[in-house]
Each structure stands twice: as C-alpha cells, then as structure tokens.
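Trainee: compute the structure for the input listed below.
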Amino acid sequence: MEQSTTRQPHRLVLENRKKSMISGVQDVQSFHEQEILLLTEEGKLQIKGEGLHVKRLNLEKGEADIEGKINSQEYYGNDDIRAGRR
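Mentor: Below is the predicted model of the structure:
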C-alpha cells in the first residue's frame, strides 16, 4: 500500500526583525548566532543576523520560531543548490 505524503503549508511571518515564525519546516540543517539554515516545503531558507537562536522547534508540526536580530531571509531552490549557491 502506498503512503501519501501531505505537504504542510509554508508560511513566514517576520515581526519587527526580531522574531520569525515559520511553518512548513522539514529540518534544521545548520544553526549558529549569525546564520540558520532550514529545509522548508519551498526549498532551503537561509536566515542571517546577529544573536540568532531557535526559540521553538516542532518538526512533527513543521514549525519553528527564530529570535534575534534578523538581517535577511533568503530562499534557495534545487536549481540554486546545483549551481553552488547553497
């Protein structure tokens, strides 16, 4: 019997550049105070900033809350990864 994979909706909410609430998270690939790299339903999401930390992570629900000074959030798709851009 085949198992169907249900995609979770992906949503990104940025609050005052200090908190980011993200749904559709599949995995945390790396994290430190200057950069967090998440695998989401829409590709890799790179978050850059200062004093970043994962405040809440629930992979069963596909949710993550990031806090710190957020300077940028950028998506990388499969084409970007193959071209060497993450």
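Trainee: which residue packs closest to residue 42, ignoring adjacent ones?
Mentor: Nearest non-adjacent residue to residue 42, counting by CB to CB, 6 or more residues apart in numbering: residue 10, 4.8 Å away. Using the backbone N, CA and C atoms, a C-beta is placed for each residue, glycine as well.
Trainee: what residues are up against the one you found?
Mentor: Listed by CB atoms under 8 Å, 6 or more residues apart in numbering, the contact set of residue 10 reads 22, 23, 24, 40, 41, 42.
Trainee: buried members of those into ChimeraX, please.
Mentor: The buried residues among the contacts of residue 10 can be selected in ChimeraX (16 or more other CB atoms under 10 Å) with this line:
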select :22,23,24,40
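Trainee: and which of the contacts of residue 10 is nearest to residue 15?
Mentor: Closest to residue 15 out of those is residue 22 (11.7 Å), distances taken as CB to CB.
Trainee: can you pull out the strands in the protein?
Mentor: 11-15, 19-23, 25-32, 35-40, 43-58, 63-76 (DSSP state E).
Trainee: so how far is residue 73 from the most centrally placed residue in the chain?
Mentor: Taking CA atoms, centre = their mean, the centroid of the chain lies closest to residue 38, which sits 3.5 Å from it. Going from residue 38 to residue 73 by CB to CB, to the nearest Å gives 10 Å.
Trainee: before we move on, back to that, contacting residues for the residue nearest to the centre of the chain?
Mentor: Taking CB under 8 Å, 6+ apart as the test, what residue 38 contacts is 22, 25, 26, 27, 28, 29, 44, 45, 47, 64.
Trainee: so the fifth one touches residue 56, yeah?
Mentor: No. With contacts counted by CB atoms under 8 Å, residue 28 stays clear of residue 56, the gap being 11.7 Å.
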